[in-house]
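# sequence and computational prediction follow.
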Amino acid sequence: MAVESIIRFWKPYGVLTQFTDKQGRPTLADYINLPNIYAAGRLDLDSEGLLLLTDSARLKTRLTDPRFEHPRTYWVQVERIPDETALQQLRDGVNLNNGLTRPAKAHLIEAPDLTERSVPIRYRKNVPDCWLALTITEGRNRQVRRMTAAVGHPTLRLLRAAIGPIKLTNLQDGQWLPLDEAETAALWKSALKR
């Protein structure tokens, strides 16, 4: 039985979560040269952070199909400081144009130590900003951005920090590493428990 390949990658801002692009924009192929490996999920062009890639179709399905409710944690820089009411709305689920989101975990965090983005975030002198940790178990199109906007705190910067037990550690922007045996076992355990 072949052992599957699983890597974690810090997707930079402005990189497509695919290996080709007819318009010539940056893609995963600019960073990863491995055969038969595909992204288990996606991150928008203007989002950054953790992306898992694998050659296992089963693992990819378990990580991305919403019925398996696999958690993903994002660090989100938002406009203004959310009060407890806004945070509770995120926790309870937010009504978007395609229905109510599942409940999320949401709390304020200290600003993470990140490198400056290639395109600076929008800065407004008289509008404070802060960072949230937001964990969701579904992956609707631009869901985190839509959720924070719906509670009155538009997203300025979005970084995925974790997928299940796998965190964005020991990596820098644009780098990738294979998961070790313990990480692989933890990911499979997490993916199969639902």
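Okay, I see it. Please read all numbers here as calculations on a predicted model, not as lab measurements.

# which residue is nearest the middle of the protein?
What sits nearest the mean C-alpha location of the chain, by CA atoms, centre = their mean, is residue 160, with 3.0 Å.

# what bridges to that residue?
residue 49, residue 74 (DSSP bridges).

# that one and residue 73 touch, don't they?
Yes: with contact defined as CB atoms under 8 Å, residue 160 counts as touching residue 73 (7.2 Å). C-beta: built from backbone N, CA, C; applies to glycine.

# quick one, longest helix in this structure?
When the chain is scanned for its longest helix (criterion: DSSP state H), the result is helix 181-192.

# and the contacts of the strand or helix carrying residue 108?
Per DSSP states H and E, residue 108 falls inside strand 105-109. Residues outside strand 105-109 that contact it (CB atoms under 8 Å, 6 or more residues apart in numbering): 73, 75, 81-82, 87, 90-91, 130-135.

# can you redo the residues you listed as CSV with pLDDT, secondary structure and neighbour count?
CSV is the format used below for those (pLDDT from 0 to 100; DSSP: H, G, I helix; E, B strand; the rest coil; neighbours: other CB atoms under 10 Å):
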residue, pLDDT, secondary structure, neighbour count
73, 97, strand, 21
75, 97, strand, 21
81, 95, coil, 12
82, 95, coil, 21
87, 97, helix, 19
90, 96, helix, 26
91, 97, helix, 16
130, 95, strand, 17
131, 97, strand, 18
132, 97, strand, 23
133, 97, strand, 16
134, 97, strand, 26
135, 96, strand, 17
